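*Asks:* When you get a sec, could you give me coordinates for this:
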Amino acid sequence: MITILGETLSYLRFNCIWPNKKDELNPPKSFYIKFILMLTSTSIILIGSGAHLTVSIQNNSNNITEDLVIIIAEIGVFYFIATFVSEQKDIAKIYLDLSDFDKYEKPHHFEKRNKQLLFLSRMYKTFIDIAIFNFCVYPFCTKHLCVKENETRSFKEVCGLLVTTWMPFDIEVFPIKQILYLWQCYTIVFTMKGAALISFAIMESMEHLVIRIQHFKVMLADAVDTQDEIVRMKRFSCCIEYHINIFDLGRRIDKYYTGCLFLHVLLSGALFGCIGYRFMQESLPLNALCIFMGWVLSLYIVCISGQHLIDEATSVAEAAYNSKWYDRDVQFQKNIIFIITRSQTPIVVHAGPFSYVSHIIILTIFKTAYSYLTLLNTASM
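*Replies:* Modelled structure (predicted):
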C-alpha cells in the first residue's frame with residue numbers, strides 16, 4: 001500500500017490524473033477513459049487561442065503574444081500530464097517501494113520529514129489555487145480596459161474571457177460567452193493545476209529517496225562502529241544491499257520521470273521568452289504573470305530536489321571515508337572502497353536525453369529564454 005504522497009495523490013485523483021487507492025497498481029480502463037475525456041474536454045483554450053492566432057496572423061495583427069504564451073503553456077501541460085499518466089503503473093510501483101520499510105527499518109526522521117512534505121504540499125496547492133483564482137477573476141477586473149483598447153486600437157477582441165479567443169460564430173451573446181468563460185476556468189483547473197501538482201509529486205518522491213540515502217549513511221556508520229566482527233559484517237552486508245536498492249530506485253525514478261521532465265527543456269525557455277517579450281512591449285497582465293509564477297515554481301522545486309538528490313548521493317562517499325574504517329581488518333577496508341567508488345557516480349534524474357534536473361538546468365532555461373526574447377525583439381523591429 002502506498003503511504004507516502006498522501007495529499008498530493010489525493011489532489012491528482014480529483015484532477016483525473018491518478019486512479020483510486022485500490023487501483024493504483026493496476027488502474028482499470030475506466031480510469032484511462034476518464035482521463036482521455038478530461039483531456040478532450042479541456043482543449044477549448046488551445047483551440048480558441050490557436051484559431052485566434054491564425055486570424056491575427058492573417059490580419060497582420062501584432063497582438064499575438066498572448067496567444068503564443070497560452071498555446072505554449074497549454075501544449076506543455078498536455079504533454080506533461082499525458083506523459084506522466086502513460087508511466088503511471090511504474091511510477092506507482094516506485095511510490096510503493098518508497099513506502100515499504102519491511103526489509104530495511106524506517107528512518108528515525110521519516111515521520112518528521114513526511115509531515116514537512118505534507119505541509120509543503122498543502123502550501124503549494126494553496127499557492128496554485130490562489131494563482132488560478134486570480135487568473136479567473138482577471139477578466140472581470142480588466143474588462144473596461146479591454147473595451148477601451150478595442151476602441152483606441154481598432155481591435156475586435158471578446159472582452160470578459162480568460163484568454164483571447166476566436167470562434168467561427170458569435171460568442172458575444174448570452175449565454176454562449178458565459179458558458180465559454182466557465183469552460184475556460186474548468187480547463188485551467190484541470191490542466192495547469194494538474195501539471196503543477198505532478199511537479200510536486202516528482203519533487204516529493206525525490207525527497208523520499210533522499211531520506212533513504214540519509215538513513216543509509218546512519219546505518220553505514222553504525223555498521224562500521226560495531227565491535228563484534230560477525231555482527232559488523234552482517235550489518236555491512238545489509239548496508240550494501242540497501243545501497244544497491246537505493247541506486248535501483250534512483251534508476252527507476254530517472255527512467256519514468258525523464259519523459260515528462262523533457263517538457264522543461266522543450267518549452268520552458270520559449271514560454272519565458274514570450275512572457276518577457278510581452279512585458280517589454282506592454283505591462284505584464286495578471287494572467288501571464290500567474291502562468292509565469294506557477295511555471296517557475298514548478299520548475300524550481302523539481303530542480304532543487306534534483307540537486308539535493310545529487311548532493312546526498314555523492315555525500316555517501318564522504319560519509320564512508322569519514323567513518324572509522326581504518327580500525328577494521330583489511331577485507332573490511334576493501335569493502336568500504338567499493339561503496340566509495342560506487343558513490344562517485346551520482347543519482348541523477350534526466351530531463352530528456354540532453355540534461356538532468358539540477359541548479360544548472362534553471363540557468364540554462366533562462367539563458368534559452370533570453371535567446372527567444374532577443375529573437376522576438378529583433379523580428380519585431
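*Asks:* Whichever strand or helix holds residue 195 packs against which elements?
*Replies:* In this structure, residue 195 is located in helix 176-225 according to DSSP states H and E. Helix 176-225 is packed against helix 6-14, helix 29-41, helix 44-58, helix 65-86, helix 88-98, helix 110-141, helix 229-263, helix 286-321, with contacts defined by 3 or more Cβ pairs under 8 Å, 6 or more residues apart in numbering; DSSP states H and E. Yep, even glycine has a C-beta here, placed from its N, CA and C like the rest.
*Asks:* The same query, at a cut-off of 7 Å, please.
*Replies:* helix 6-14, helix 44-58, helix 65-86, helix 88-98, helix 110-141, helix 229-263, helix 286-321 (3 or more Cβ pairs under 7 Å, 6 or more residues apart in numbering; DSSP states H and E).
*Asks:* Pretty sure residue 227 sits in a strand.
*Replies:* No: counting by DSSP: H, G, I helix; E, B strand; the rest coil, residue 227 is not part of a strand but coil.
*Asks:* Angles on the backbone of it, please.
*Replies:* phi -80, psi -40 (degrees, to the nearest 10).
*Asks:* Model confidence score at it, please.
*Replies:* pLDDT recorded at residue 227 is 87.
*Asks:* low pLDDT regions in this protein?
*Replies:* 61-63, 283-284, 381 (pLDDT under 70).
*Asks:* Nearest residue to the middle of it?
*Replies:* Nearest to the mean C-alpha position of the chain, by Cα atoms, centre = their mean, lies residue 199 at 2.0 Å.
*Asks:* gap between that one and residue 306?
*Replies:* 12 Å (Cβ to Cβ, to the nearest Å).
*Asks:* Quick check: neighbours shared by these two?
*Replies:* Overlap of the contact sets of residue 199 and residue 306 (by Cβ atoms under 7 Å, 6 or more residues apart in numbering) is empty.
*Asks:* still on that earlier bit, can you count the residues close to the residue lying closest to the residue nearest to the centre of the chain once chain neighbours are set aside?
*Replies:* What sits nearest to residue 199 in space, not counting adjacent residues and going by Cβ to Cβ, 6 or more residues apart in numbering, is residue 298, at 3.8 Å. For residue 298, the neighbour count with other Cβ atoms under 10 Å is 26.
*Asks:* just residue 160 next, same as before
*Replies:* For residue 160, using other Cβ under 10 Å, the count is 16.
*Asks:* residue contacts, it?
*Replies:* Per Cβ under 7 Å, 6+ apart, neighbours of residue 160: 139, 143, 177, 181.
*Asks:* again, 10 Å this time
*Replies:* Residue 160 is in contact with 139-140, 142-143, 146-147, 172, 177-178, 180-181, counting by Cβ atoms under 10 Å, 6 or more residues apart in numbering.
*Asks:* Repeat that for residue 74.
*Replies:* 42-47, 49-50, 163, 187-188, 191-192, 195, 291.
*Asks:* just to revisit the earlier point, the residue nearest to the centre of the chain against residue 264, yeah?
*Replies:* Yes: using Cβ atoms under 10 Å, residue 199 makes contact with residue 264 at a distance of 9.5 Å.
*Asks:* Find the residues that touch each one of the two.
*Replies:* 80, 295, 298-299, 302.
*Asks:* If any of these are buried, give me the PyMOL selection for them.
*Replies:* For the buried members of the shared contacts of residue 199 and residue 264, the matching PyMOL selection, counting by 16 or more other Cβ atoms under 10 Å, is:
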select buried, resi 80+295+298+299+302
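*Asks:* can I get the shared contacts of residue 199 and residue 264 in CSV with distance to residue 115?
*Replies:* Below are the shared contacts of residue 199 and residue 264 laid out as CSV (distance: Cβ to Cβ, whole Å):
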residue, distance to residue 115
80, 28
295, 28
298, 23
299, 25
302, 21
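*Asks:* just the shared contacts of residue 199 and residue 264 now: which is nearest residue 157?
*Replies:* Lowest distance from residue 157 to the shared contacts of residue 199 and residue 264 (Cβ to Cβ) belongs to residue 295, with 24.2 Å.
*Asks:* Next up, the contacts around that closest one.
*Replies:* 72-73, 76-77, 192, 195-196, 199, 264, 267-268, 271-272, 275.
*Asks:* do residue 24 as well
*Replies:* 1-2, 9, 13, 18, 31, 88-89, 91-93, 95-96.
*Asks:* ok, and the most crowded of those residues?
*Replies:* residue 18 (28 neighbours).
*Asks:* That residue and residue 7 touch, don't they?
*Replies:* No: with contacts counted by Cβ under 10 Å, residue 18 stays clear of residue 7, the gap being 11.9 Å.
*Asks:* ok, back up a step: tell me the one among the contacts of residue 24 nearest to residue 368.
*Replies:* residue 91 (27.6 Å).
*Asks:* Distance of the residue nearest to the centre of the chain relative to residue 8?
*Replies:* In terms of Cβ to Cβ, residue 199 sits 10 Å off from residue 8.
*Asks:* Repeat that for residue 47.
*Replies:* Taking Cβ to Cβ, one finds residue 47 at 30 Å from residue 8.
*Asks:* Likewise for residue 266?
*Replies:* 24 Å.
*Asks:* The two - which one has more neighbours?
*Replies:* Comparing residue 266 with residue 8 by other Cβ under 10 Å, the one with more neighbours is residue 8, at 26 against 15.
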